[in-house]
Every structure is written in structure tokens, then in C-alpha cells.
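Novice: Have a look at this prediction, sequence included:
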Amino acid sequence: MKRHFYISDNLDELEHVEEELENSGITTPHIHVLSLDDVDVARHPHLHEVEAVLKTDVVHGTKIGAVVGVIVVALMLSLVGAMGWADRITWMPFIFLAIVLLGFCTWEVGFLGIQMRNKRFARFDNALNMGKHIFFVDIEPENEPVLAEVINHHPTLVDAGDGPSVPHWFIVMQDKFRSFMKSMP
């Protein structure tokens with residue numbers, strides 16, 4: 001899958017583009033709008049906005065924190081083993097400390113990540129700060145012609161390139177969850 005980005009300053013038009021894509025068989029989890037104007041996006045209920053947590057770098061930060069935590073834990077357990085401290089008592093307090101250190105490092109760096117804008121969207125900072133909106137579509141290769149046809153009907157959209165998409169299985173899971181929720185009474 002590939003992610004195609006477009007820039008627009010008109011949320012009404014983006015709402016029409018999303019409707020046309022959905023009518024052409026592209027499901028909602030494939031389509032997103034990134035904007036700094038959450039209030040205006042909320043006035044367009046058909047637009048699928050990027051979740052607040054994904055606007056930040058919390059996921060990337062949490063991954064880095066986990067790696068840092070593993071390194072800290074490995075160093076701590078190596079020190080405990082080399083100094084013979086576990087021989088005097090048991091390994092149990094040091095294992096507990098290792099779990100606490102891993103959790104703390106993961107949480108702390110994730111917390112730092114939540115304060116930063118998602119690196120995947122950094123290239124759009126100027127456009128977003130100028131009040132524009134980023135419309136992006138995660139698309140399978142066989143649906144590229146459908147996307148191209150819909151986008152051709154909207155010449156005011158500015159092509160902003162492409163990039164890596166979320167994994168296909170993630171979108172399939174979102175589709176299934178959405179269908180499940182619609183089937184609930």
C-alpha cells in the first residue's frame with residue numbers, strides 16, 4: 001500500500017472527495033484529514049480526522065523508550081550479576097526493579113513523544129500553519145486508478161507526494177471493527 005497526500009484549504013471540497021472515494025469502493029479507514037483546525041473539521045461530520053494521539057509522536061517515542069528500557073535493564077542486571085549482589089539475597093528484587101525500569105523508560109520517552117508532532121507529518125508543518133488541511137489516502141495498487149479519477153475531478157487539490165502507508169492488516173482490522181459496530185443494536 002501507498003499513502004498519497006494532497007493539500008487543500010477547503011474542507012467542503014475534501015468532504016466531497018471523501019464521499020466520492022467511498023462511493024467508488026475506498027473504505028473510510030483508508031481516508032484521513034489532518035488539520036490544526038479541529039473545530040472546523042468537526043463541522044464536517046463525514047470527514048475522517050486523524051486521531052489526536054496519531055498527530056503526535058507518542059508511538060515512535062514509546063518504541064524508543066522500550067529500546068532504552070531494555071538497554072537500561074540489561075546494564076542493571078549485568079551490574080547486579082557482576083557485583084554478586086543477587087548471590088547475597090535473591091534475584092527477585094532486581095527482576096522487579098528491571099520491570100519497573102523498563103516501564104518507566106517506556107512511559108517517560110512516550111510522554112516526551114506525545115509533546116512532539118508526528119515526524120511523518122513534519123513536512124506539512126508550513127501548510128498546516130498557513131491554515132491548510134492535509135488529505136491523505138492509503139491505497140492498494142489496484143485502486144490507484146480510482147483515486148486518480150476522483151482526484152482529477154478536483155483540480156484545486158495540490159498533490160503533495162506520497163509515502164509509506166500503515167500496514168494493510170491494520171486497515172482490514174479497522175474495516176472489520178467498523179462493520180461489527182454497525183451490526184450492534
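Specialist: That came through, no problem.
Novice: Can you read off the pLDDT for residue 110?
Specialist: Residue-level confidence at residue 110 comes out at 90, pLDDT.
Novice: repeat for the one 10 residues further on
Specialist: Residue 120 is assigned a pLDDT of 84 by the prediction.
Novice: ok, how many other residues are close to the nearest residue to it once chain neighbours are set aside?
Specialist: Nearest residue to residue 120 in three dimensions, chain neighbours excluded: residue 163, at 7.0 Å (CB to CB, 6 or more residues apart in numbering). Yep, even glycine has a C-beta here, placed from its N, CA and C like the rest. Residue crowding around residue 163 was assessed by other CB atoms under 10 Å; the count is 14.
Novice: Check the one 10 residues further on too.
Specialist: Using other CB under 10 Å, residue 173 is surrounded by 12 other residues.
Novice: Mind pulling up the pLDDT for it?
Specialist: Predicted confidence (pLDDT) for residue 173: 85.
Novice: Alpha carbons of the host helix or strand of it, in PDB - could you do that?
Specialist: Per DSSP states H and E, residue 173 falls inside helix 168-183. C-alpha atoms of helix 168-183 as PDB (Å, rounded to 0.1, in the frame of the first residue of the first chain):
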ATOM      1  CA  HIS A 168      -2.700  -3.400   5.100                       C
ATOM      2  CA  TRP A 169      -3.800  -5.700   8.000                       C
ATOM      3  CA  PHE A 170      -4.400  -2.600  10.200                       C
ATOM      4  CA  ILE A 171      -6.900  -1.100   7.700                       C
ATOM      5  CA  VAL A 172      -8.600  -4.500   7.300                       C
ATOM      6  CA  MET A 173      -9.000  -4.700  11.100                       C
ATOM      7  CA  GLN A 174     -10.500  -1.200  11.200                       C
ATOM      8  CA  ASP A 175     -12.900  -2.200   8.400                       C
ATOM      9  CA  LYS A 176     -14.000  -5.300  10.300                       C
ATOM     10  CA  PHE A 177     -14.400  -3.400  13.600                       C
ATOM     11  CA  ARG A 178     -16.400  -0.700  11.800                       C
ATOM     12  CA  SER A 179     -18.700  -3.400  10.300                       C
ATOM     13  CA  PHE A 180     -19.000  -5.100  13.700                       C
ATOM     14  CA  MET A 181     -20.000  -1.800  15.400                       C
ATOM     15  CA  LYS A 182     -22.600  -1.100  12.700                       C
ATOM     16  CA  SER A 183     -24.200  -4.600  13.300                       C
END
